[in-house]
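Q: predicted structure and sequence below. I'll ask about it afterward.
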Amino acid sequence: MEIHSIFHLPLGTVLIFLIIIITSIKGFRDEEIMNRYQLSTEGILIQKVYHKLFTHSLVHADIKHLIFNMIVLFSFGIQFETLYGTLSFLIVYIGSVIIGGVFSIYHKQDNSFYTAVGASGGLSGLVIAGTTAGIFDVKLLLLPVYIPGWIFGPLFLLGSFYAMYRDKESSISHEGHLGGAMGGFVLGFIVYQIDFSFENIAFFSTLISFIIVIALYWRKEETTIFYNIKSKHKVYTERRERIFNETRARELDNLLEQISKKGLESLSPSQKFRLDQLSKELV
């Protein structure tokens with residue numbers, strides 16, 4: 001028996017909602033939290049801090065960004081969790097967040113200054129999975145207009161792909177939306193056991209759009225996809241080594257400064273060992 005059926009509450013949706021609200025508000029006040037959680041090419045490709053693939057969904061750029069995403073989360077999350085249960089909801093949401101993050105980093109791998117925050121990747125996955133499964137149509141905000149799922153799915157995928165290349169300077173992570181939506185489509189098909197029949201127009205219209213987007217992306221990024229992997233690895237290795245050397249140099253400077261102020265005897269045995277080690281490495 002599902003937990004939410006016992007308490008009559010969409011516990012997964014409520015839990016994620018509260019965590020995001022608390023973490024985002026803290027991030028507004030503390031830049032260190034934002035830097036620690038945000039997705040970035042530097043953080044993933046150089047520093048190897050892989051938790052950022054998920055934690056970037058817990059912080060938002062500003063209050064408007066946060067409010068809009070939380071409205072979407074509550075609007076669609078409750079319906080998902082009520083129909084399919086907490087575990088299925090979490091698999092699709094968290095999976096879409098991570099897939100959206102991976103795709104964003106892949107697409108922006110040559111931009112060392114790229115950063116992204118927000119739950120949009122997970123929300124895009126939820127919406128696409130829901131429309132594909134025929135759970136709901138999408139209502140335009142503040143307007144009594146509904147878009148059928150078989151129209152919304154293709155529009156969202158193709159629109160996000162177009163915007164990803166057309167609106168490159170935007171602060172909106174279109175690549176995150178697209179990656180999350182594609183993740184939601186695949187995970188929704190697996191988790192929700194979507195009816196794989198020609199009667200499910202929403203599924204097949206989205207599937208066709210999914211294939212078109214992959215084909216177009218392959219065509220546009222073919223040179224990147226087949227980029228010389230050894231050359232790419234060499235660039236990242238050299239950059240990582242430079243950052244590592246700078247860190248060790250600062251550590252050595254701090255030890256030497258302590259010696260100049262307090263003398264050599266002020267160093268602990270471990271500090272003396274580290275001084276000797278750094279001196280040899282940096283010579």
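A: Thanks, I have the structure now.
Q: which non-adjacent residue is nearest residue 61?
A: residue 117 (5.7 Å; C-beta to C-beta, 6 or more residues apart in numbering). Every residue, glycine included, has its C-beta placed from N, CA and C.
Q: quick one: the one you found and residue 38 touch, right?
A: Yes: judged on C-beta atoms under 8 Å, residue 117 makes contact with residue 38 at a distance of 4.9 Å.
Q: more neighbours, those two?
A: Neighbour totals were compared for residue 117 and residue 38, and residue 117 leads with 25 against 19 (other C-beta atoms under 10 Å).
Q: contacting residues around that one?
A: With contacts defined as C-beta atoms under 8 Å, 6 or more residues apart in numbering, residue 117 is in contact with 27, 34, 37-39, 56-57, 59-61, 65.
Q: again, 6 Å this time
A: 38, 56, 59-61 (C-beta atoms under 6 Å, 6 or more residues apart in numbering).
Q: one more: residue 176?
A: By C-beta under 6 Å, 6+ apart, the contact list for residue 176 reads 100, 104, 116, 120-121.
Q: so which of those residues belong to helices?
A: In helices, defined here by DSSP state H, the members of the contacts of residue 176 are 100, 104, 120-121.
Q: could the residues you listed go into JSON lines alongside distance to residue 74?
A: Below are the ones in helices among the contacts of residue 176 laid out as JSON lines (distance: C-beta to C-beta, whole Å):
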{"residue": "100", "distance to residue 74": "20"}
{"residue": "104", "distance to residue 74": "24"}
{"residue": "120", "distance to residue 74": "15"}
{"residue": "121", "distance to residue 74": "17"}
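Q: ok, which pair from those residues is furthest apart?
A: Spatially, the most separated pair among the ones in helices among the contacts of residue 176 is 104 and 120, at 10.4 Å (C-beta to C-beta).
Q: quick one on the thing from earlier: show me the two of the contacts of residue 176 that sit farthest apart.
A: Pairwise distances across the contacts of residue 176 (C-beta to C-beta) peak at 10.4 Å, for the pair 104 and 120.
Q: these two: who's more crowded?
A: With neighbours defined as other C-beta under 10 Å, residue 104 and residue 120 compare such that residue 104 has more, 29 against 26.
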